[in-house]
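Q: sequence first, predicted coordinates after that:
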Amino acid sequence: MCSSDLKLKNNKKATPHFKEAVRIKPDNYMAHFNLGLVYLNLKKNKPAIKEFKEVTRINPKYAQAHLSLAVLYDKEHDGGNAIFHSTKAETLFKDKYETKKSDQAKKYSQALLKRYKK
């Protein structure tokens, strides 16, 4: 039920389900990731950041969480963290031979570097 709610972008309906999943299995990084996606879709950046940070604590090699953090930190105008996480995502995708995603993360990192260059 949760996944279909998320796929249908019915984020308000999915939120309590993912919160419950996190409560039951606090070390389930995918439950935190899905809750982070819900918050991201609801434009609740601070709670989304909290969830994606928890994902990277539980599973530091989950590249998609780092990329999501990069996007959120960019929205919050936190260039340092945005660049750190986009670069980390690029490396992790590359390590897993996910060339297309690695290239996309690299392009995003380069755009962030230009944007936040002082």
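A: Noted; the coordinates are in hand.

Q: now the helix or strand harbouring residue 37: buried residues?
A: According to DSSP states H and E, residue 37 maps onto helix 29-41. Buried residues in helix 29-41, counted by 16 or more other C-beta atoms under 10 Å: 29, 31-41. Where C-beta positions appear, they are placed from N, C-alpha and C, glycine not excepted.

Q: nearest to residue 64 among those?
A: Distance to residue 64, by C-beta to C-beta, is smallest for residue 33 among the buried residues of helix 29-41, at 7.2 Å.

Q: would you agree that closest one is in contact with residue 65?
A: Yes - counting by C-beta atoms under 8 Å, residue 33 touches residue 65, with 5.9 Å between them.

Q: how about residue 31: what's its closest non-neighbour residue?
A: Distances taken as C-beta to C-beta, 6 or more residues apart in numbering place residue 21 nearest to residue 31, at 4.0 Å, with adjacent residues excluded.

Q: state the mean pLDDT of the host helix or strand of that neighbour.
A: Secondary structure from DSSP H and E places residue 21 in helix 11-24. Mean pLDDT, computed over helix 11-24, is 87.

Q: remind me which residues of this structure are low pLDDT?
A: By pLDDT under 70, the weakly predicted segments of the chain are 1-9, 118.

Q: where do the helices sit along it?
A: For the chain, helices defined by DSSP state H occupy the ranges 2-7, 11-24, 29-41, 45-58, 63-75, 79-95, 99-115.

Q: by contact count, what packs against the fourth one?
A: The reference is to helix 45-58. Here helix 45-58 touches helix 29-41, helix 63-75, going by 3 or more C-beta pairs under 8 Å, 6 or more residues apart in numbering; DSSP states H and E.
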